[in-house]
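1. Build me a structure from this.
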Amino acid sequence: MVLHPDLVDGVPFSVMAIAVSHHFMQKTTLRPMPKMPPCVLEHWSSSKVDPAARLPYWHDVAHNWVDVQPLSPGVELNASWSLLRGQDCFFGTKRSTAYEMRTHARHVPPGEDMVVVSLLEAGHLDLNAAPGQGHRARVGTLGIYVPQQEGCYRWSQYARQTYVALPRRAVWEALGQQPGNALLSPRQGVLISMLSSHLSHLGQLARAPEALTDESFAVLLDATRALALLMLRNLGRQGLAADCPDGRESLHAGRRAAALRFMEQHAHRHDLDAAAIAQGVGCSRTRLYEAFAEQGQSLMDTLREIRLQRAHDMIERSTRLHVGSTAWQCGFADQSAFSKLFKARFGLAPSDWYRKSLSELRATSSAQEK
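-> The predicted structure follows:
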């Protein structure tokens with residue numbers, strides 16, 4: 001059966017959602033509120049903030065549970081965000097330029113232990129975005145994301161996320177198991193499509209706040225919370241664990257992604273070893289070794305490959321080559337060892353590769369002039 005996105009058995013979706021809210025509150029231990037308090041509706045746009053202050057402010061207002069960085073250093077952040085803040089949950093819709101965020105229990109402030117149920121409305125999201133790893137969420141994907149769980153997320157340029165954040169305890173009770181990161185498919189239940197449609201509609205209303213009163217937003221937010229918990233309860237009954245990525249696998253992928261980023265940033269350091277990388281990632285060396293071994297990789301082999309690729313790129317861009325200086329800048333203290341490793345990896349010594357690249361560049365320039 002195909003459901004119209006705005007109708008359920010001929011009943012307008014918003015009416016159905018409110019009815020679900022009242023039914024669900026009667027069937028659970030969550031106490032209904034005798035009088036719905038108004039929501040606090042907040043808006044923020046990067047255009048109103050000085051460019052130098054945008055990233056820290058974006059972290060404070062929209063990502064205070066995670067570590068956030070732009071994908072390309074120095075790129076100016078452009079973002080907009082709207083939030084409906086309720087008594088025991090909140091709803092948000094936001095859009096921004098590309099950025100990366102890393103989650104870990106240490107980033108979550110006390111008293112804000114939440115789980116995010118999110119709809120991707122534009123762009124794409126790479127969850128645990130190490131090369132060749134992780135899961136890609138595309139437009140229309142509904143996901144469950146746990147800020148307490150270690151992970152790496154990369155949001156594409158102008159991705160739009162519309163979401164509801166719920167207390168982790170309530171999500172745990174609804175699922176019947178500890179929640180973990182998961183991308184959901186509509187085939188797992190009709191309530192997934194229903195919640196996705198509801199989130200999208202509420203996002204449109206939140207971005208046009210004059211459409212409703214604070215009291216109306218409060219009723220819709222409560223309906224959103226109830227529908228999300230009902231969807232999670234339905235998933236729990238159907239056995240969510242069978243359709244979710246393995247928690248250990250996701251944890252390993254998150255550590256690999258964090259380690260790769262740390263090594264990219266610190267590859268020039270001659271003192272960079274397994275202990276320093278583990279400290280930078282926030283885990284033990286044993287766990288870090290396990291994360292790479294799971295994919296048949298070695299931590300230090302990966303670091304050497306990053307350094308060699310950096311040296312290769314520097315040599316191809318150089319107008320004058322100094323092998324010792326290139327080796328040093330890429331983290332190799334021994335010029336002779338660097339030259340041997342470079343030749344083993346690329347088939348030519350650094351100086352030979354430089355001459356080859358220079359010759360090809362001159363040939364290309366000569367052909368263009370003709």
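2. Which residues belonging to stretch 282-295 are considered buried?
-> Neighbour-count burial for stretch 282-295, counted by 16 or more other Cβ atoms under 10 Å, picks out 282-283, 285, 288-289, 291-292. For every residue, glycine as well, the C-beta is placed using N, CA and C.
3. So which residues of the protein form helices?
-> Assigned by DSSP state H, the chain shows helices spanning 13-27, 54-62, 168-175, 190-206, 214-238, 247-266, 274-281, 285-293, 299-317, 323-329, 335-346, 350-369.
4. closest to residue 118 out of those helices?
-> Proximity to residue 118 (Cβ to Cβ) singles out helix 190-206 among the helices of the chain, at 8.2 Å.
5. Quick one: mean pLDDT for the closest one?
-> Taken as a whole, helix 190-206 has a mean pLDDT of 90.
6. just the CA coordinates of that helix, formatted as PDB?
-> The C-alpha coordinates for helix 190-206 follow below in PDB (Å, rounded to 0.1, in the frame of the first residue of the first chain):
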ATOM      1  CA  VAL A 190       5.500   2.500   7.900                       C
ATOM      2  CA  LEU A 191       6.100   4.800  11.000                       C
ATOM      3  CA  ILE A 192       9.600   5.700   9.600                       C
ATOM      4  CA  SER A 193       8.000   7.300   6.500                       C
ATOM      5  CA  MET A 194       5.400   8.900   8.700                       C
ATOM      6  CA  LEU A 195       7.900  10.400  11.000                       C
ATOM      7  CA  SER A 196      10.000  11.600   8.100                       C
ATOM      8  CA  SER A 197       7.100  13.400   6.500                       C
ATOM      9  CA  HIS A 198       6.200  14.900   9.900                       C
ATOM     10  CA  LEU A 199       9.800  16.200  10.500                       C
ATOM     11  CA  SER A 200       9.900  17.700   7.000                       C
ATOM     12  CA  HIS A 201       6.500  19.600   7.500                       C
ATOM     13  CA  LEU A 202       7.500  20.800  11.000                       C
ATOM     14  CA  GLY A 203      10.800  22.000   9.600                       C
ATOM     15  CA  GLN A 204       9.000  24.200   7.000                       C
ATOM     16  CA  LEU A 205       6.800  25.700   9.700                       C
ATOM     17  CA  ALA A 206       9.800  26.300  12.000                       C
END
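7. From the chain's centroid, how far away is it?
-> How far helix 190-206 lies from its chain's middle: 21 Å, per Cα atoms, centre = their mean, to the nearest Å.
8. one step back: now the helices of the chain as TSV including distance to residue 44?
-> Below are the helices of the chain laid out as TSV (distance: least, Cβ to Cβ, whole Å):
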stretch	distance to residue 44
helix 13-27	26
helix 54-62	5
helix 168-175	25
helix 190-206	12
helix 214-238	17
helix 247-266	27
helix 274-281	31
helix 285-293	36
helix 299-317	36
helix 323-329	40
helix 335-346	47
helix 350-369	47
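9. Residue 154 is nearest to which of those helices?
-> Closest among the helices of the chain, using Cβ to Cβ: helix 247-266, at 8.7 Å.
10. buried residues in that closest one?
-> When burial is assessed from 16+ other Cβ under 10 Å, helix 247-266 yields the following buried residues: 250-263, 266.
11. for stretch 141-158, same thing?
-> When burial is assessed from 16+ other Cβ under 10 Å, stretch 141-158 yields the following buried residues: 141-156.
12. For the chain, give me the ranges with low pLDDT.
-> For the chain, applying pLDDT under 70 flags the ranges 1-38, 61-65, 70-74, 129-134, 239-251, 363-370.
13. how close does the residue most central in space within the chain sit to residue 135?
-> Nearest residue to the geometric centre of the chain (Cα atoms, centre = their mean): residue 153, 2.1 Å. From residue 153 over to residue 135 the distance is 11 Å, taken as Cβ to Cβ, to the nearest Å.
14. Could you name every residue contacting both of the two?
-> 126-128 (Cβ atoms under 8 Å, 6 or more residues apart in numbering).
15. Let's see which of those end up in strands.
-> Members of those lying in strands (criterion: DSSP state E): 126-127.
16. Between the shared contacts of residue 153 and residue 135, which sits nearest residue 229?
-> Closest approach between the shared contacts of residue 153 and residue 135 and residue 229, by Cβ to Cβ: residue 127, at 22.7 Å.
17. what's the closest non-adjacent residue to that closest one?
-> Of all residues beyond its chain neighbours, the one nearest residue 127 is residue 135 (4.8 Å), with distances taken as Cβ to Cβ, 6 or more residues apart in numbering.
18. Hmm, residue 141 and that neighbour touching each other?
-> No - in this structure, residue 135 is not within contact of residue 141 by Cβ atoms under 8 Å, at 9.4 Å.
19. joint contacts of those two?
-> Common contacts of residue 135 and residue 141 (Cβ under 8 Å, 6+ apart): residue 183.
20. Out of the buried residues of stretch 282-295, which comes closest to residue 234?
-> Of these, the one sitting nearest to residue 234 (Cβ to Cβ) turns out to be residue 291, at 33.4 Å.
21. I figured that closest one hits residue 257, correct?
-> No - shown here, residue 291 and residue 257 do not form a contact pair, counting by Cβ under 8 Å, at 9.3 Å.
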